[in-house]
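# Need coordinates for the below:
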Amino acid sequence: MNAFDLVPLLLPLLVLASVSARAAQPMTLVKDGMPMATIVLGDDATAPERFAAEQLADTIEQISGARLAVTDTEPATGTMIYVGQTASVKRLLNGFNWEQLRRDGILIRRVGSDLVLAGDRPRGSIYAVQELLETKMGVRWFAADATRIPKKSTISLPDMDVCYTPKLMYREAYYHSVQGKDGLFALHMRMNGHHQQINTDMGGHYTLLGFVHTSYPLLPPDKYFAEHPEWYALNNGKRVDKDSQLCLTNPDMKRELVKNALAWIEKQPDAGMISISQNDSFNPCQCDNCKRLVKQTGSESGAFISFVNDVAAEIEKQYPDFLVETLAYQYTRKAPTNIKPRDNVIVRLCSIENDFGRPITAAQNADFYKDLTDWRKISKRLYVWNYVVNFSNYLIPHPNITNLGADLRTYTENNVVGMFEQGDSFNAAASMQPLKTYLLAKLMWNPNQPEQPIIKEFMNGYYGAAGKPMLKALTTFEAVVQRSPKTKLSCFMPAPSTIYTMKDMVALKSCFDQAEAAVANDAELLERVQVQRLAFDHLCLLTMRSFARNQQIVPGTDWPKLVDHFVDLSNTTGNNWIHEGRLWDESYRTLLRSRTKKMPSVHKATAAMGVTGVEGKDWIDIQDDEVNLAEEGKWVSVVSDEAASDGCALEMPNTHNQWAIQYFGKESDLRWPLTDVSIEFRVIPVEGAKLNPQDGVLSFGVYNTITKKAVERTVTVADIKQGYQSMVLKGIAPKVGMYLYAAPVVNPGIKAVRVDRFAAQPSK
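Residues are numbered from 1 along each chain as shown. Prediction:
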C-alpha cells in the first residue's frame with residue numbers, strides 16, 4: 001500500500017485503557033531472569049517487522065538478562081508476543097480496521113494472555129515496539145551516545161490497548177545526530193525524513209527527489225541557456241541565468257522540465273515525491289505573459305502553483321500515486337486568491353522571516369499566520385519548513401525552545417502533515433542541540449503532549465547530577481528572550497544579542513559552574529556539560545568588550561585561557577562550524593585572542609577618536625562586535641588587526657557594493673537617534689595598481705527604514721591616507737527607524753577596505 005496515498009489524514013486515536021471491565025492479570029515476559037514469553041512473527045513478516053522483533057528481544061535481554069526466542073511458528077503453549085501486521089495477527093484481530101493506522105500508525109493490544117505489537121507498514125511495528133519499551137519498560141534514547149536501559153530481573157506488563165496514528169506523516173529534524181549513516185538513532189526518534197539514513201530493512205524513510213530549489217537542477221542553465229534564453233526569467237529587460245527563476249509561461253520550457261522530472265522519477269519510482277520548486281533567490285520572471293498570469297491568479301505564488309499544477313498533471317498520467325512538492329517561500333509565501341493546488345501537490349510553507357522567540361500566533365508573526373491559514377483553505381495538505389537554528393552563528397545561544405510545542409500544535413491544526421525542522425546539521429552537538437533534537441522528535445510524534453516534562457526528563461537523563469543547574473541555565477536563556485518582546489529572534493543573528501545583562505551573564509556562569517562541579521568525577525557527563533557550555537563561552541568572548549565599555553566584566557574569567565578551552569574543545573568534539581558551511585581554522589583562535597587584548601575601558605569616548613573638527617564633543621564608540629554582518633565570510637569578515645583600536649577590524653573586499661556592515665540603534669542605551677556619524681577605516685590597495693583619484697573606495701551612511709531614503713557619503717581614492725583614518729557624515733536629522741551602514745565600492749585597484757568602528761553623536 002502506497003505510503004503517499006491521498007486518503008484524508010485520520011485524527012489520531014490514543015487510548016490507554018483496560019481491554020475489558022475485568023482487570024486481567026499482569027502479563028509476565030521475564031520472571032527472575034528467566035524468559036516467560038515467545039516473540040512470534042510468521043513467514044510473511046517483512047524485514048522491518050523482523051528488525052522490530054529482534055530489537056524487542058535485544059532490549060529485553062539488556063534489561064533482564066533473559067533472551068526471548070524469536071520464531072515464525074506459534075508455540076503450543078505460553079505467552080506470545082506477536083510482532084507485525086502478519087496473517088496470524090490479522091486472524092487474531094479479525095475485523096480490525098487496519099486503514100486507521102495509515103502513515104506510521106501503531107497498535108499495542110492485549111489479547112487474552114498474548115500481546116500484539118503491530119502497525120502500518122513499513123515502520124509502524126518498529127514504532128509499536130519502541131512505544132512499549134519507552135512507556136512500559138522505561139527505556140530512553142536521549143542521544144546517539146546516551147541510552148538509558150533500566151535493570152530489572154522481572155518484566156510484567158499491565159493491560160494495554162494503544163491505537164495511534166501521528167498527525168504528521170513526515171517528521172524530520174535537520175540535526176547532525178539524526179543524520180548518522182546507520183540511521184538507528186533517527187529511527188529511535190521516529191523520524192522518517194529525506195536526510196534520515198534509515199535503510200529499508202529498518203523501515204526506510206521518505207525520499208523527496210531533488211529535495212528543494214529544483215528549477216535550475218531540472219533545467220541547468222549551462223546546458224540550456226545558450227540556445228533557449230527565453231526559458232529563463234526576464235529581469236530588468238534581460239533574460240538571466242543566475243540568481244533568478246524560470247519563465248513559467250513558456251510551453252517549451254515546461255515540456256522539457258516535465259521530461260526531465262519524469263526521468264528522475266523513472267530512476268527512483270519508489271520515492272513517492274518529487275520537488276518542483278523555485279530557486280533559492282528572488283527575481284521572478286517579468287515578461288508580459290508571466291505578469292499576466294500573476295495578475296490572473298492573485299500573486300506570484302499563484303503563477304508558480306499554476307506552473308506546478310501543469311507539471312503535476314503530466315506526472316500523474318504516468319505515476320498516479322506520485323506527489324509533487326513545491327514551496328511557499330519568500331516572494332511566493334502568500335497564498336493565491338484565484339487558483340488552488342491540485343490534489344497531488346503538496347505546498348511547503350517556509351517560516352524564514354519569523355520571530356522565533358514568539359509563537360506563530362503572536363502579533364509579531366501575524367503575516368505568517370495569515371499565510372498559513374490562507375494556504376490551509378485551499379490546500380488538501382501542507383508541509384512546513386521551519387527554522388530552529390541561527391544560520392549566522394551556530395555557536396551562540398539560540399533560545400527558541402519555549403514555543404516549539406505550541407507552534408507544532410498550531411501547525412497540525414491547520415492541515416500540516418509534514419514538518420522539516422531545519423537545525424544545525426554541521427556541528428555534532430552544539431547549543432542545546434541534543435535537547436532540541438529529542439524534544440522535537442517527541443513533539444512531532446505527538447504534538448499534544450506537554451513539553452516541560454520531556455525537557456526535565458531529558459536534562460536529568462542526559463546530564464545526570466548536572467541536570468538541575470543545566471535546566472536552570474536553559475530557563476535563564478529562554479527568559480531573556482521572553483522579557484524582550486521588541487527583540488526579534490531571527491534565524492539570521494550574526495552579532496550576539498544585546499538583550500543579555502551582566503546579571504544574566506553572572507547567573508549563567510554560575511549555572512554552568514555548578515553543573516560542572518556536580519559531574520566533575522564523571523568524564524562523560526562532564527564533557528556533555530562542557531560541550532553545551534561552549535555556546536555560553538562563545539557569547540562571553542563576543543560580548544565581553546561591550547560589557548567592558550560599560551565598566552562591567554564577567555567576574556573570575558581568564559580570557560586567554562577561555563579562548564583556548566573554547567577552540568580546543570570545539571575542535572575535539574566536532575562543534576567547530578561557525579555558521580552554515582563555514583568551518584573555522586586556527587585563524588579564529590588568533591582572532592578571539594586579539595579581542596581579549598584590547599578592550600576599551602568605557603563605552604563613551606571623547607574627541608571622536610581622532611575625527612577632526614569635533615574635538616571636545618562626546619561621541620559614542622560603536623565597535624565591530626556591535627554591528628550586524630551580512631554574508632559573513634563572503635561580503636565581510638572579522639580579521640585581527642593590531643593597528644585597529646581594539647585589535648579587530650571588519651574587512652570587505654572591493655568586489656561588491658553590498659551594505660555588509662549595519663548597526664541598528666539601541667533605545668535602551670539612549671544612543672539613538674544619531675546626528676553626526678563618523679567611520680574609522682583603512683584602505684588596502686592592490687600592489688602596483690594605478691588608481692583614479694575620482695573613483696570610489698567606500699560608502700557609508702544612514703538609512704531611514706520609514707522613508708526608504710539614505711544619507712550617504714562616498715570615500716574616493718583622493719581621500720585616502722596612510723593607515724586608519726576617519727571621515728564624518730554631518731547634519732543627519734534624527735529619526736526613529738534609522739540604521740548605519742558601510743559598503744565597499746567595486747574598484748579593481750583596491751583589494752579591500754577595513755572598518756575599525758563607527759563613532760556617532762547621539763541626539764539626546
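# send the alpha carbons of stretch 280-295 over as CSV?
Output of stretch 280-295 as CSV, limited to C-alpha atoms (Å, rounded to 0.1, in the frame of the first residue of the first chain):
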residue,chain,number,x,y,z
ASP,A,280,16.8,30.0,-3.6
SER,A,281,16.6,33.5,-4.9
PHE,A,282,14.1,36.2,-5.8
ASN,A,283,13.8,37.7,-9.3
PRO,A,284,10.7,36.0,-10.7
CYS,A,285,10.1,36.5,-14.4
GLN,A,286,8.8,39.8,-15.5
CYS,A,287,7.8,39.0,-19.1
ASP,A,288,4.3,40.1,-20.2
ASN,A,289,2.9,36.6,-20.0
CYS,A,290,4.2,35.9,-16.5
LYS,A,291,3.0,39.2,-15.3
ARG,A,292,-0.4,38.5,-16.8
LEU,A,293,-0.5,35.1,-15.0
VAL,A,294,0.4,36.7,-11.7
LYS,A,295,-2.5,39.2,-12.1
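# tell me the mean pLDDT over it?
Mean pLDDT, stretch 280-295: 97.
# Would you mark the buried spots in that stretch?
S281, N283, P284, C285, C287, C290, L293, V294 (16 or more other CB atoms under 10 Å). From N, CA and C alone the C-beta is placed, and that goes for glycine too.
# ok, the third one touching A233?
Yes. Taking contacts as CB atoms under 8 Å, P284 lies within contact range of A233: 6.3 Å.
# Mind listing the shared neighbours of those two?
Counting by CB atoms under 8 Å, 6 or more residues apart in numbering, the common neighbours of P284 and A233 are Q245, C290.
# Quickly name whichever of the buried residues of stretch 280-295 is closest to N460.
Distance to N460 across those (CB to CB) is lowest for S281, with 45.6 Å.
# elements contacting the strand or helix carrying I684?
Element membership of I684, judged by DSSP states H and E, is strand 674-685. With contacts taken as 3 or more CB pairs under 8 Å, 6 or more residues apart in numbering; DSSP states H and E, strand 674-685 sits against strand 696-704, strand 725-729, strand 738-744, strand 750-762.
# List the buried residues of it.
Those would be L674, T675, D676, V677, S678, I679, E680, F681, R682, V683, P685, for strand 674-685 by 16+ other CB under 10 Å.
# Can you name the two of those residues that sit furthest apart?
T675 and P685 (32.5 Å).
# just to revisit the earlier point, could you tell me which of the buried residues of stretch 280-295 belong to helices?
C290, L293, V294 (DSSP state H).
# Which residues are in contact with the last one?
Put plainly, it is V294. P284, E300, G302, A303 are the contacts of V294 under CB under 8 Å, 6+ apart.
# Run through the bridge partners of T207.
Beta-bridge partners recorded for T207 (DSSP bridges): G272.
# no, scratch that, I was asking about N386
Under the criterion used (DSSP bridges), N386 bridges to E421.
# So it sits against F420, correct?
Yes. Contact criterion CB under 8 Å: N386 and F420 qualify, at 6.9 Å.
# So for those two, which sits in the more crowded spot?
Set N386 next to F420 and count neighbours by other CB atoms under 10 Å: N386 wins out with 27 against 23.
# and the more buried one, what does it touch?
Per CB under 8 Å, 6+ apart, neighbours of N386: S351, D407, M419, F420, E421, Q422.
# Pick the one among the residues you listed closest to V506.
D407 (31.6 Å).
# Does the nearest residue to the closest one once chain neighbours are set aside fall in a helix, a strand, or a coil region?
What sits nearest to D407 in space, not counting adjacent residues and going by CB to CB, 6 or more residues apart in numbering, is I360, at 5.2 Å. What DSSP: H, G, I helix; E, B strand; the rest coil gives for I360 is coil.
# cool, and L541?
Reduced to three states by three-state DSSP, L541 is helix.
# What is the burial count for the residue lying closest to it once chain neighbours are set aside?
In space, and not counting its chain neighbours, L541 is closest to L592: 5.5 Å by CB to CB, 6+ apart. Counted with other CB under 10 Å, residues neighbouring L592 total 23.
# what bits of this structure have low per-residue confidence?
1-24, 497, 546, 548-553, 555, 598-619, 665-675, 731, 733-736, 762-764 (pLDDT under 70).
# please redo it, this time with the cut-off set to 80
Low-confidence segments of the chain, defined by pLDDT under 80: 1-24, 180, 494-498, 544-557, 581, 595-621, 624-626, 664-676, 730-738, 760-764.
# Next, E131: secondary structure please.
Under three-state DSSP, E131 comes out as helix.
# Which neighbouring residues are in contact with it, exactly?
So E131 contacts I106, I108, V162, Y164 (CB under 8 Å, 6+ apart).
# how much space between the closest residue to the second one other than its chain neighbours and G723?
It stands for I108. Closest residue to I108 apart from its sequence neighbours, by CB to CB, 6+ apart: V162 at 4.1 Å. Per CB to CB, to the nearest Å, V162 is found 73 Å from G723.
# If you count surrounding residues, which of the two has more?
V162 (19 against 7).
# does the more buried one sit in a helix, a strand or a coil?
strand.
# Distance-wise, check it relative to T79.
V162 is 18 Å from T79, by CB to CB.
# How many residues are close by D504?
D504 has 16 nearby residues by other CB under 10 Å.
# The residue lying closest to G574 once chain neighbours are set aside: neighbour count?
Excluding its sequence neighbours, the residue lying closest to G574 (CB to CB, 6+ apart) is A428, at 3.5 Å. A428 has 19 neighbouring residues, counting by other CB under 10 Å.
# give the contact list for A428.
H176, S177, T573, G574, N575.
# hey, where'd the helices end up in the stretch 201-350 of the chain?
215-218, 221-224, 251-267, 288-297, 300-318 (DSSP state H, counting those that start in this stretch).
# Show me what the longest one is packed up against.
If you count contacts as 3+ CB pairs under 8 Å, 6+ apart, helix 300-318 packs onto helix 251-267, helix 288-297, strand 323-328, strand 345-350.
# looking at these, which is buried most?
Among the helices and strands packed on helix 300-318, strand 323-328 has the highest mean neighbour count (mean count of other CB atoms under 10 Å), at a mean of 26.
# Tell me which residues touch V311, please.
K254, L257, V258, A261, I276, V324.
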